[in-house]
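Enquirer: curious how this folds, go ahead:
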Amino acid sequence: MNDRELSDMIEELCHSKAKEFKLLGYDVEGADVWKCVSSKYKKGTPPLHQIVNDILSLRINVYMNWAMMEVYKG
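Expert: I've put the predicted structure just below:
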């Protein structure tokens, strides 16, 4: 799998998670999901299985806490 295919796959996972959140009534974009998940990768990019797990297991309360902190920072 090359870098472009990997990037497309991760992007699709983030959009899928955003759709899940939209079904729950939250207005979330795939790019925001990625920003939230990747914000905890301070030491570099983890293995692919961890990235996939972090995206798919993201809970709405974790996302909303992250989003609120981003608002306070900005």
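
Enquirer: measure Asn2 to Met9 for me?
Expert: As defined by Cβ to Cβ, to the nearest Å, Asn2 lies at a distance of 11 Å from Met9. Every residue, glycine included, has its C-beta placed from N, CA and C.

Enquirer: which one of those two has more residues nearby?
Expert: Between Asn2 and Met9, counting by other Cβ atoms under 10 Å, Met9 is the more crowded of the two (14 against 7).

Enquirer: and the more buried one, what element?
Expert: helix 3-23 (DSSP states H and E).

Enquirer: just the pLDDT for Asn2.
Expert: At Asn2, the pLDDT value in this model is 86.

Enquirer: residues in contact with it?
Expert: Applying Cβ atoms under 8 Å, 6 or more residues apart in numbering to Asn2 gives no contacts.

Enquirer: now swap in Lys35 and tell me
Expert: Residues near Lys35 by Cβ under 8 Å, 6+ apart: Glu70.

Enquirer: whatever helix or strand it lives in vs helix 3-23, what angle?
Expert: Following DSSP H and E, one finds Lys35 within helix 30-38. Between the axis of helix 30-38 and that of helix 3-23 there is an angle of 100 degrees, by axes from the mean of the first three to the mean of the last three Cα atoms, to 10 degrees.

Enquirer: and helix 30-38, what's buried?
Expert: Gly30, Asp32, Val33, Trp34, Cys36, Val37, Ser38 (16 or more other Cβ atoms under 10 Å).

Enquirer: rewinding a little: who's in contact with the helix holding Met9?
Expert: Taking Cβ under 8 Å, 6+ apart as the rule, helix 3-23 contacts 1, 28-34, 37, 48, 51-52, 55-56, 58, 60, 63.
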